[in-house]
Each structure stands twice: as C-alpha cells, then as structure tokens.
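[1] quick one: sequence plus predicted model below, questions after.
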Amino acid sequence: MGTDNSDQIWERPLTRRQLMSAMTVGVGAMALVGCGNDDEGSAGGAGQISQTTTKQPKKGGAITLLEAGTVSSAGGASILDPHKTISISYGSSDAWGLINVPLVRYDWTKGTVVDGIAEKWEFTDPTTLVLSLKKGIHFQQGDASKGREIDSGDVVASLERVRTKGDATFTIANRFRNVDTYAAVDKYTVRVKFLKPDANFLSWAYHPNGGHIMSREKIEKYGANMTVPEAWTGSGPFIPDLSTYKDTISVTLRRNPNYDVDPGGLPYLDAITILGIGDRSLMDAAIRSNQIDVGLIQTLSAKSFEGNFNVSSTQDTITAASHLSFNTAMAPFNDPRVRQAFHRALDRVELNNVVGDGFGCVSMLLGCRSASYLTEKNWAGKPGFRTDHKQDLEEAKKLLAAAGVDPTKLQLTHRHDRLGGNKVRADQGIAITGMLQRDLGVKITDYTENARGASDPGPDEAKSIPLHMTTFSHGGQAGLILDDPLFLGIHSTAVSNSAVWFDKKTDDLIDKQAATLDLNERKKLWAELQTYLVDPIETAATMPFSPITRSFDFFVSNKKLQNWTTPGYFLSHYPWQYNKVWLDA
C-alpha cells in the first residue's frame, strides 16, 4: 500500500501568497500547488498510489471500471477503431488496452518503454529501427485468425493500416509521417526505415490506440470498420462477452484462458466490467453503493470517499498542458508588449481555484511533470508568476500604455477549448474572460459556436479570433517527450496553429528534438524551447502563449485491489496494469 498521506491531500491553499510561496520553499510544499517532485514514483501528498502487498496474488474475482461517458460502438466515449482516433480518453482506449496488446507498452511507475508484442528494439542507425517480436504468442481464439501465432506480417499489416493514405478517418496517420518503409525481415523481425530520424516513433508504438497489432485476417475481414463488436478481438488478457454488451451502458470482458503475451498465468481477475455513466451525481452514487472499483471522481467530493476507498490524484504524473494563445498576426496581439501585458494580467492562483478547486499546477506548455520538463517552480518570482499579483497588474497596464493600447476600448473574441462540452475547460475559459474584463476593463465575447455549429473553429476561421484557450492533453506519451502536441499548435506547418506563430527558431528546436534519440539531450532542447516561448524576462519579444492552470485528476480505488497504480491521465494510460491486478478478498 502506498504511503498514507491523507491529511496532506486535503491541505488547500487559501491565498495567492501562500500558494506561490510554496513553489520556492521546497519539494514538500509543492503538494499544495505543484506538479510533483522529481521522483516520478512518489506517493506523497495527493499523489500517486501504488497498492502493493507481500501476499501472494490470488486468481478470481471481478471488478468494475467507471467511465465518464458511454460505452458504445457508435461515437462518444466508445469502443472505437483504435487506428482511427488519437483520443485516449475513457472507454475506447481502456477497452482496447484490455482486449489487445500494442507493439510496446509504457510503464508509468518507471517512466520507461517496456515490452509488448515486441520483446526488444534497437536503432541500428539513426534512420533504421529493428523490432524483435516475442515468439510463441497468440491472438485470441475468437479472432479472425482463429488464435494463430502472431508474426511479423501482422505487425507490418497493422502499422501500414495505421498510416493509411488518402483516408482522413485515420486521424493518427500523421504521427507516422516520417516512416519510409516497414519490412518483415523474417517471422519474428520487423525493420522500420525512416525518411529522417524520428525519436517519437516508439511513443506512438505504445500509444493506447496507434500501437495496436491486429491479425491480417481481421484487417482483411473488417477492413475500414473495426467498431463492430465482432471485431473487438486481439491478443490481450481479456475477451469481450458480447452477450453482456449494453449499448451506451456497459460491457463485461472475461479472462482470456490462452493469454500468453506475458508469462505467469496472467491475468488474475476473472472479469472486468466497463460501466459508462455520464451524470456526475450518478457516478458518485454508483461508487458509494460499491458498484465501482476504480473511477475518476470530482475534486470537491474526493475527501468524502476516504475510509471506504483509496483516494489518489495525478499530482505526480500529470503531463497534460493548457495555455492561452495570442493571435500574433492580429492587432493588438501582433505587439509583444500586449501579449506580455495579458500574460501578467492572469491570476493563476485564482484560475487554479476555479478549475481544480486549489488542486492543480501551471503547465509550461508541455506539462507539469518536473522529471521531464521545466515546470512552474522554474518561473517562480517572474512576471505573471509572482506572489504579488498587484505588481503584475501594474506592469500589465504600463505595457499596454507603452504600446498605445487603451484596454477599455478593446473588443476581443475569446474561443476556449470545448466550451460547453468539458465543464472544467469551459469554467477556465469563462474565468479568464471575466478576469481580463475585471482587471483590465477589456470587453470580451466568448466564442461558443460557428457557422458549422461546432465549438471549435476551422483552421481559417481560427485566424480571425484574437484569443484561444488551447489544451494539449498528451499524458501517456511524455515518457519519450512526444513532439506532436507542440507540433499541432506551435510548429509553423501545424494546421491548428491558433497563435498564427511562424517562427524559424521554434520550428528548428521542435525538429531537432524529434530527431534526437538521446532522451537527456531532448529534455535540454525542450527546456530551451520552453524558455524561448514563455519566459517573460529572457525572451520578452516572443510569448505567443501564456501558460495557465491544469487541474489534477482524482481517483478512487477499491482497497482490496492489489498491484493497482494511479494512472497518469485517465484510466487509459496504463490499462495493461490490469494484467497483474488482483483482489485480496
């Protein structure tokens, strides 16, 4: 069982000064607002829980995972075609993580890539990766392959399907854009040739969707549609019982008696049920009535679950990021002084209380995991992050005056991510709008709908909107510091570059780290990029984005559940841990 720090979990910050001072006091105080310490496995404060025991694992029993949405084959948080979605939220990725095994996997507890279908991998030169597959492992008996052994042909067929050209429904295809060819060298060896060095390939190979290996027979039989329940097969430890499938409600997955990707007679559990509930009050009621063994909960209700459940948060593991984008091609934000002013005007402690009820961190473009990136503690005391917000506001007004901008005469539009759909992000967007109106006197209209009837504008439409609240949710991939979340919103070739930021140095830093296989060198490049883009002192002429708050997620877990570890972000980022989870009845 992880260290019991339940009293520390609920220490909430009361004032901005207390919050910001905590950043500079030390690691212990970081539990108040920070993003965890440098020990990624820490269970301190509201952080990660690892439910371990010295007892011998027991076979049998069943658990239920709570999904904040529906379990369906037709949209929403559903069991989607894994190769056609980049989203790693909720039921779809959780289900596939139980049904199937990807090429490689990611171990949150160690921060390393581990074996999956492949047992080892090696870059023999900067543009060649050789994958050695496990021998004697099989697909499930119900698969179209009828349970035959997995070979290199399946890996090549699956990876080729992922990057299907000319079909926009394969949304993850662009992540494999640097691959030249896949080749089955022999039955158990695959060679990947790249057009240029690509250090991010393994990140996408362990992605809960993109890395899934399917049989050639299944790909041929179901073609472009893997969403039909009959296609929910793979090589994983659990098999969907289609007789239990209730569209939009639940599905039960039962133990695969022939599972052999991992040794040791796994899995231990007999069954796992995925239950979808969209209403927060019903979710809480289901947990309290012991219908749920693992699930996300609301921050304010988390403390009330202590005693009957283990309660933990993603404080030590969160890598998702949020920031406010300034349209640098549009007045007044084409003037860096105005961008600096708006950056200073944001009260991040207030945002933290609005979004995470005091439990969150300021993600410096990339995330809050200090072992991987520069975090808010590196900026403590700098403009926009000071303990004295009054000083920041005074400087903001002086910068606007120097730029010849009267904020009371500005009329701006603010588009925030998924307004009306994701309540946390919507609350943060509304809070930012209100804060800027209150403290600067600027008039802002919240962008809620466009001609397409969608909350998110298209690429061309985005260029006409001055302010964007943009969220990058890339938790699982941070083990190898994936470039794509930044590529999507910062690189000059990005489709969704909401800051309209075309800058050679930015592009060069992103491209250089993507081609750097040495992890420590990549971290240095990320630190340089973070400093270049958002440091209000060192690079005052840039600031196309202003870092804002990202809240922690809170989980409850059954105290009888052993070998369970708090996932990094949603259940989906560590679904294969359920291979070894067991119940101590």
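    Yep, that arrived.
[2] what's across from residue 183 in the sheet?
    residue 191 (DSSP bridges).
[3] what about it, how many residues nearby?
    11 (other Cβ atoms under 10 Å). C-beta coordinates here come from the backbone N, C-alpha and C atoms, glycine included.
[4] dump the residue contacts of it.
    If you count contacts by Cβ atoms under 8 Å, 6 or more residues apart in numbering, residue 183 has them with 156, 190, 191, 192, 193.
[5] what's the spacing between stretch 367-386 and its chain's center?
    19 Å (Cα atoms, centre = their mean, to the nearest Å).
[6] what is the mean pLDDT for it?
    Computed over stretch 367-386, the mean pLDDT rounds to 84.
[7] then stretch 63-78?
    pLDDT averaged over stretch 63-78 gives 62.
[8] what's the answer for stretch 179-197, then?
    Per-residue scores along stretch 179-197 average to 97.
[9] mind saving the C-alpha coords of it as CSV?
    C-alpha atoms of stretch 179-197 as CSV (Å, rounded to 0.1, in the frame of the first residue of the first chain):
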residue,chain,number,x,y,z
VAL,A,179,8.3,6.3,-41.8
ASP,A,180,9.6,5.3,-45.2
THR,A,181,9.0,1.5,-45.2
TYR,A,182,8.1,-1.4,-43.0
ALA,A,183,9.6,-4.8,-43.8
ALA,A,184,9.1,-8.3,-42.4
VAL,A,185,12.7,-9.5,-42.4
ASP,A,186,11.7,-12.9,-41.0
LYS,A,187,8.9,-14.4,-39.0
TYR,A,188,9.9,-12.5,-35.8
THR,A,189,11.8,-9.4,-37.1
VAL,A,190,10.4,-6.1,-38.5
ARG,A,191,12.6,-3.4,-39.9
VAL,A,192,11.4,0.2,-39.9
LYS,A,193,13.2,2.6,-42.3
PHE,A,194,12.6,6.4,-41.7
LEU,A,195,12.8,9.3,-44.1
LYS,A,196,14.6,11.1,-41.3
PRO,A,197,15.5,10.3,-37.7
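[10] go through it and flag the buried ones.
    Within stretch 179-197, the residues scored as buried using 16 or more other Cβ atoms under 10 Å are 179, 182, 184, 188, 189, 190, 191, 192, 194, 197.
[11] any idea how far residue 136 is from the third one?
    Read it as residue 184. 17 Å (Cβ to Cβ, to the nearest Å).
[12] repeat that for residue 430.
    56 Å.
[13] try residue 408
    73 Å.
[14] wait, what's in contact with the residue lying closest to residue 211 once chain neighbours are set aside?
    With Cβ to Cβ, 6 or more residues apart in numbering as the criterion, residue 211 has its nearest non-adjacent residue at 3.3 Å, and that residue is residue 102. Counting by Cβ under 8 Å, 6+ apart, residue 102 touches 116, 117, 205, 206, 207, 208, 210, 211, 212, 213.
[15] for burial, what's the neighbour tally of the second one?
    If you count neighbours by other Cβ under 10 Å, residue 117 ends up with 25.
[16] which ones are touching it?
    Residue 117 neighbours (Cβ under 8 Å, 6+ apart): 101, 102, 103, 104, 133, 134, 137, 150, 155, 213, 235, 261.
[17] could you redo the last one with a cut-off of 6 Å?
    101, 103, 133, 213 (Cβ atoms under 6 Å, 6 or more residues apart in numbering).
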